[in-house]
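3D, please:
(3 chains)
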Amino acid sequence: MKQNNEVRVDAASKIAGIEKYTRDLPIKNALIAGTVRSSKAHARIESISYDKNYDWSKVTILSAKEVKNNYVAIIKNDMPYLADKEVNYFGEPILLLAAENEKILLEAKKHIMIEYKELAAATTLKVSIDRNRAEDVFEEILLENGEGNKTFSTAYEIIEDIFETGFQEHVYLEPQAVVAIPDGNTIHIKGSMQCPYYVQNAMNELFKGTEIKVDVTQIMTGGAFGGKEDFPSLICGHVALLARKTGRPVILSYNREEDIRFTTKRHPSKIHAKAVVNSDGKILALDMDILLNSGAYATLSPVVLARAVLTSFGCYKIPNVRIHGRAIKTNISPCGAFRGFGGPQSLFAIEMLIEKVAQTLKIPVWEIKKANMLSLGDTLPTGQPIDYSYGLPKCVEKILESSEYEKKYKEFKKYNENESDQTNILKGIGISLAVHGCGFTGVGENRIKAIAEMELLPDGKVLVKTANTEMGQGVDTAYKIIVSEKLHLPFDDIIIEEKNTSKVPNSGPTVASRSTMIVGKLLLDNCERILDVLSLKDLEFSLQDFKEAAQQYFKTHDTLIVQEEYKHPDFISFDEKTYKGYGYPVYSWSANVAEVEIDLTSYQVEVKKFYTANDVGKAINKQQSEGQIQGGIIQGIGYAVYEALCIKDGEVQNRGFRDYIIPTIQDIPEMYVDIVEDTYFNGPYGAKALGELPFVGAAPAVASAVSFAIGKTATKIPLTPEVIATLIENSNYEY
Amino acid sequence: MNIDLIVNGKPVSVEVEPLDRLLDILRDKFDLTGTKEGCGEGECGACTVFMNNKLVNSCLVPAMHLQNANVVTIDGLRDFDFFKLISKAYEENGAVQCGFCTPGFVMSTIDLLRKKSEKSIGDEEIKDAFAGNICRCTGYEKIIKAVRQLFTMNIKVPERFYE
Amino acid sequence: MNSMQCYSPNTLDEYQKIYSGIAEKNILVFSGGTDLMIGRHELSQDAIIIDISGIAELKGVEKKENKIFIGSCTTLNELLYSHKIQNDIPILIKAIKTMASEQIRNRATIGGNIGNASPAGDTITPLVVLEASIQIYSPESNEVKTIPLEALFSGPCASTLQNGEIITKIIIPLFEDKDIFCYFRKIGQRNAMTITKASLSAIAKYSDSKIEWIKLAPGSVSPVVKRMSKTEEFLQGKKLTPAVINESKEIIGKEISPITDIRSTKAFRVLITKNLLADCLSELINRH
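Model (predicted):
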């Protein structure tokens, strides 16, 4: 495949402001929906009353009593569309309202009184763990290999600590927005979402046993990062129910405050990690206790935990492990999918545990990482051999060179010893190795059985039918490149079908960095089949040849539709009880170096430079691959340094962008991006996962640099100035 | 109250409440949906427009300030020749991902281009100009690259529009 | 739902007439609106808005008799690009440069920033060390009075303005002596678009390796912005030895009274205010 550096197919329309997002759709005669929410973290609803003096004729009210199948279908189906007798988190939806405009909704909300009887609430992980109830454990996973943690009794040295990561809000620029349009017995749902078939399945369950049919169309989505994976099912249910009740189109769009306070977040984690090391820093055994704060309902927590467990040994060869993970219920807004999906939490723990090993043994951290890094042919604790598409060594080589890590390591040490007193600045350089398992965990892909379809049109154009959505990551352009390369068609002859569940097959959700690798490969296979039918397979042919062959074909046929269904190669298997086998069919790898400065007046960490090399198998579109990597790094720097969600008694205190702080253009480092292409045999042109990988390695690199600067292991993120001051000044400045 | 104003060169008259937001007026009354709402509190810049030739957050402008105002939005600028060059620079440098922040960044780009006649620009100056525009996808790097390139191209951007 | 009532006077006279015509006096004075618009749904629907942003007398910058007069409805960007301010009041320029964005500075007014009376208002601390005063117009008496800026603040986001009083001008005395040290530094949560966790404005006269005088006003660490008179007194006439700097840090640490809120903690604000003073004093030494 040639090096592609293609302009996105949607770039011009987005720049000109022509592209229509959900709230830009012209929807006639629509009602606006609003949500009445719990003001308690955990309580029984005693009564709901409506002010008799208020004119309710302009407002439609919908409560749980009217919802027959009141649980959102996803894994455990434990979250109600509307709370009925009990609320489990502050902000949980209790009632839905619909009216002609926002002003009526705001006014009507003031005339609804809800009385509660408060119940004991566990609004922090600690409270939930301390009360030690089996029903608070949504999921538990144990992975053991070798001697497990038995080696610890005879160990040379045990090094341990507790590592913590915080909440993170996605901050997609387009807030959640969905609409439902009734049309006879059908309800058309449109909205900003990653996974139209997740919504379709949820709606099928919601309206099971009724005459209602639903179809779902994804509208151009203004960023998602996981935040529009599971969450839209809930609000699509809300608008569908209101549309059914009112018989009118209903729009539900969150304002930023609602979006920040009441939608899903990245799971905070608390990980107790221990390593047995010999005097050279070779890791003999690893014991990890992973706790994920899941919030009030299970949503995707079981699979987030699975990825956390399978990422916990990072890029290292560790013969003996015991990894114990639990996803814990608390009375806060449910956590959900977010770029990295459990990986960033446990990768932070393993990377910082190694930092601690280095500081304890007084060996430079890179020496320890190098000594323990996987080599081609090594086996993971799951028993999976790493014997193909292992580009990490190449990534390491690239960043050591581009960053001059070893030289700066010495220079910065000298600087901190000799010059910091005058400049009031500490410098740090840090290194991280990161891994991201590509696609769904374990046998997930075999369960999904993704189907992608292509249709040859009589004019020789092709129609590409997948459910994989464009949310900024560039999937539409990537698919055009994949197909264009194979069929020699220009982009204009490749039409991407609308992501409407009545028009495209279920090619699985747009998550887990799987769209290019899994679905892109199905498209490539579809192309092969079309070429086969047109008798062009394995031949040299031109665009002209292709068009003629198509013409020829339609002389005797009416249609040509080809379909491919995904299945893992036969040798890929995974045991969900023991967590042994192929956690993922292949892995993407990255090596990262961060340079930071800490200002000793403000204790602010500023990331000055960031070097990253990412093995993505094959960059289908170089321009957009780089862009995703840069964006992932900055989001990762936000996670490491800036982004703090403040929760008090279960209530999110942040109200918007003024107090949920993400990086601006003035907070970014100089970035140096390298792409390594160690191809994967089963990806299109060798491509594997890209979207999440750059995020995963960023925070550990920054935290490693901070650890260097302050001479102590940074054990938690975000490393806000208050945390840094606490670490440097040995006194508490935190909340 | 009733207000008269000029939107993208057209005189219009509209019935509003004093504290209605310019953003909503543009989107709901005139169907000018190129201007986006990202935060509603002046932090993200997705709703950036020109008002009386000054760059403003349309989410923070009340209707009562609009009497006789001259408002120019992305929808009124896309057909200018210079816009095509901006678009090309954004496209070719990969400065767009989800695109929701993009119209706002483009408005700030136009403001910067029309104010500065020099052929080069420092990164600090670019970073000052975009302090009020938030992007969550790109990490900003490619936007900066596009703007840098635009300054080498000798683009003629009028100082005022529709006046 | 009734429409909110709203008036847009063009002169102070008109303002006075409108005010006199309102019986309930539940008025809401509106200028650039960059803060009020965010909370517009929480505003009382019965309030009567008087938008003063169109009053000509409240706009612009003027230099008279060694004083600078700034109209309260002058926007932050008008100040930023004003040559008079750039040359004569560099500390205010330093502060405004750290504030918000181009889009907001085109709308937000200095009178609004002051009138909000937020301890985190970034134009307030420079003006307090400059010993600025403000003119206040009362529509009831139809008179203008002048008070020291510090006297405007009665608590966090509470001012002493009442009965339709509005700030008309900010008056800043200029120094004959051009050799005045000035310092402004703000610590926020990131580099751009940030609300102050703690800040420090200072001006000082330094000669013969001694502080002749110094005026200090930290931001966001007390219910109202005020001068640090104890710290100032202590530093006056002192040579800036490490011991003196350390002692001054302790004094300012006790003179402020910050709180814990979503942006930071009390303990951290004390720590960084002390650090800001040390940073200011070391810049002062290095400058000379």
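
rest of the way, CA atoms for contacts and neighbours
Noted.

Check which helix or strand the residue of chain B found nearest chain C maps to.
Nearest residue of chain B to chain C (C-alpha to the nearest C-alpha) works out as residue B:56 at 4.2 Å. Applying DSSP states H and E as the criterion places residue B:56 in strand B:54-57.

and if you look at residue A:349?
helix A:343-361.

strands paired with the helix or strand just after the strand holding residue B:56, and their directions?
Downstream of strand B:54-57, the next assigned helix or strand under DSSP H and E is strand B:70-72. Sheet pairing for strand B:70-72, assigned by DSSP bridges, gives strand B:2-7 (parallel), strand B:48-51 (antiparallel).

Next one: the residue in the stretch 151-300 of chain A positioned nearest to chain C from residue A:539, what distance?
Per C-alpha to the nearest C-alpha, residue A:257 is where the stretch 151-300 of chain A lies closest to chain C, at 11.0 Å. According to C-alpha to C-alpha, to the nearest Å, residue A:257 and residue A:539 sit 57 Å apart.

Check residue A:599 too.
Distance from residue A:599 to residue A:539, by C-alpha to C-alpha: 63 Å.

Repeat that for residue A:485.
14 Å.

Ok, residue C:207 next?
88 Å.

Quickly list the domain ranges of chain B.
B:2-76, B:81-150 (automatic domain parsing).

what about the last one, distance to the chain center?
Centroid displacement of domain B:81-150 relative to its chain, using C-alpha atoms, centre = their mean, to the nearest Å, is 11 Å.

Also stretch A:592-612?
Worked out by C-alpha atoms, centre = their mean, stretch A:592-612 lies 25 Å from the chain centre.

again, but for stretch A:543-562
41 Å.

Quick one: mean pLDDT for that stretch?
Regarding stretch A:543-562, the rounded mean pLDDT is 97.

Could you export it as CSV, CA atoms only?
Only the C-alpha atoms of stretch A:543-562 are listed here, as CSV (Å, rounded to 0.1, in the frame of the first residue of the first chain):
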residue,chain,number,x,y,z
LEU,A,543,-10.3,2.2,-13.3
GLN,A,544,-11.5,1.9,-16.9
ASP,A,545,-11.2,-1.9,-16.7
PHE,A,546,-13.2,-1.9,-13.4
LYS,A,547,-15.9,0.2,-14.9
GLU,A,548,-16.2,-1.9,-18.0
ALA,A,549,-16.3,-5.1,-15.9
ALA,A,550,-19.1,-3.6,-13.8
GLN,A,551,-21.0,-2.6,-17.0
GLN,A,552,-20.5,-6.1,-18.3
TYR,A,553,-21.8,-7.6,-15.1
PHE,A,554,-25.0,-5.6,-15.0
LYS,A,555,-25.9,-6.7,-18.5
THR,A,556,-26.8,-10.0,-17.0
HIS,A,557,-27.4,-9.2,-13.3
ASP,A,558,-29.5,-6.8,-11.3
THR,A,559,-27.5,-6.4,-8.2
LEU,A,560,-24.2,-7.3,-6.6
ILE,A,561,-24.2,-7.2,-2.9
VAL,A,562,-21.4,-8.9,-1.0
